[in-house]
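**Q** what follows is a predicted protein model with its sequence.
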Amino acid sequence: MKPVCVLGNGQLGRMLRQAGEPLGIAVYPVGLDADPTALPIADSVITAEIERWPETALTRELASHPAFVNRDIFPRLADRLTQKQLLDQLGLATAPWQLLADKSEWPAVFDSLGELAIVKSRTGGYDGRGQWRLRADETHTLPEACYGECIVEQGINFSGEVSLVGARGHDGQVVFYPLTHNLHQDGILRTSVALPQADQAQQQQAEAMLSAIMQELNYVGVMAMECFVTPAGLLINELAPRVHNSGHWTQNGASISQFELHLRAILGLALPQPVVFAPSAMVNLIGTDVNLSWLQQPLVHLHWYDKEVRPGRKVGHLNLTDSDAERLKAALNSLVPQLPEAYASGIAWAVEKL
């Protein structure tokens, strides 16, 4: 089995390495400043846990690597401008948008998009960073540097957020997990819920959209698509060409995790439809110290990233899965006194979804 080098050595690379171990796949998450001569790059399949990267000795070495899967797709999807252009090209539903080039465009922007504008950095913004929600009397607060480097979208009145995580093999075969319901607070994913039987119409629409994207790009591996739920159907919010935070529940709630599925896809291994056997919930641990009392609960699976705890930083997650929805709800509620107060609303939301 060929080894896999993962560009980026954060928690996603760590979990890809963990998923490879039972299969005998050697996975090497590598930092951007790594010495390429110290790694088995020549004989490896290359993937990435990040969408964009600076030029370093390592990335220069990888730029011409024949087995860097999706290498030319990453920059296209990492830029919100070219990502939106792709969705428009494929005729897929997304929020009305335009490039924001100059402040003189604001009157026309609000005439076209309505009273609430969502400004997003073309590159680099994540977890709520690099985004602004503006009304007509607030545009002066947008930094000057944003003009020409941001897109602006119509503020969407949505009833919920869902994501679809799927994978495509080298042969064009695609498989998907059920839609995941997501709760974001301050732009950061706080809690996810996945049910074995998703809403059929939403699932079919989402699978058709993500299939079209992956086929158009000839993409191989796991991709995530985040969507708004609206009365007219799903609107694509963003794409992530990698394993994704909203798919972490698959580690304990599916027969094949998203991390194993990605390795299978890029290595040309069998890609069966993952079996989802019970409802699952995932609670992101954000800027919160580890609490070993969580482990007193039989349903709790702790995934700790061993990172320095800082405010706003994802440092781990808790997965809970059970075929008995009432027992799963009780387990979630039991976590409330063991977590900071800010988690209570997200757990209440998850309990309601179940």
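**A** Cool, got the structure.

**Q** for Ile286, which non-adjacent residue is closest in space?
**A** Using CB to CB, 6 or more residues apart in numbering and skipping the chain neighbours, the partner closest in space to Ile286 is Lys314 (5.7 Å). (C-beta placed from N, C-alpha, C; glycine too.)

**Q** what does the pLDDT read for the one you found?
**A** For Lys314, the model assigns a pLDDT of 95.

**Q** next up, the contacts around it.
**A** Applying CB atoms under 8 Å, 6 or more residues apart in numbering, we find Lys314 in contact with Gln11, Asp127, Ile188, Asn245, Asn284, Leu285, Ile286, Tyr305.

**Q** please enumerate the strands of the stretch 151-300 of the chain.
**A** Using DSSP state E, counting those that start in this stretch, the strands of the stretch 151-300 of the chain run over 160-168, 174-176, 180-185, 188-194, 221-230, 233-240, 280-286, 300-304.

**Q** tell me which of these is the most buried.
**A** Highest mean neighbour count of the strands of the stretch 151-300 of the chain: strand 280-286, a mean of 26 (counted as mean count of other CB atoms under 10 Å).

**Q** quick check: neighbours of that strand in the sheet, parallel or antiparallel?
**A** Strand 280-286 pairs in its sheet with strand 188-194 (antiparallel), strand 314-321 (antiparallel), by DSSP bridges.

**Q** reformat these as a markdown table; add distance to Tyr343.
**A** Formatted as a markdown table, the strands paired with strand 280-286 follow (distance: least, CB to CB, whole Å):
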| stretch | distance to Tyr343 |
| --- | --- |
| strand 188-194 | 8 |
| strand 314-321 | 10 |
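
**Q** for Pro22, find the nearest of those strands.
**A** Each of the strands paired with strand 280-286 has some distance to Pro22 by CB to CB; the shortest is strand 314-321, at 17.4 Å.

**Q** for the closest one, what is the distance to the chain centroid?
**A** How far strand 314-321 lies from its chain's middle: 15 Å, per CA atoms, centre = their mean, to the nearest Å.

**Q** cool, and stretch 334-347?
**A** On CA atoms, centre = their mean, the centre of stretch 334-347 falls 23 Å from the chain's centre.

**Q** for the record, mean pLDDT for that stretch?
**A** 96.

**Q** burial count for Cys146?
**A** Cys146 has 18 neighbours, counted by other CB atoms under 10 Å.

**Q** and the closest residue to it other than its chain neighbours, how many residues sit next to it?
**A** Nearest non-adjacent residue to Cys146, counting by CB to CB, 6+ apart: Val119, 6.5 Å away. By the criterion of other CB under 10 Å, Val119 has 21 neighbours.

**Q** can you check the one 4 residues further on too?
**A** Other residues near Thr123 number 16, with proximity taken as other CB under 10 Å.

**Q** again, but for Glu138
**A** Around Glu138 there are 11 residues (other CB under 10 Å).

**Q** any idea how far it is from Ser112?
**A** Between Glu138 and Ser112 the distance is 17 Å, computed by CB to CB, to the nearest Å.
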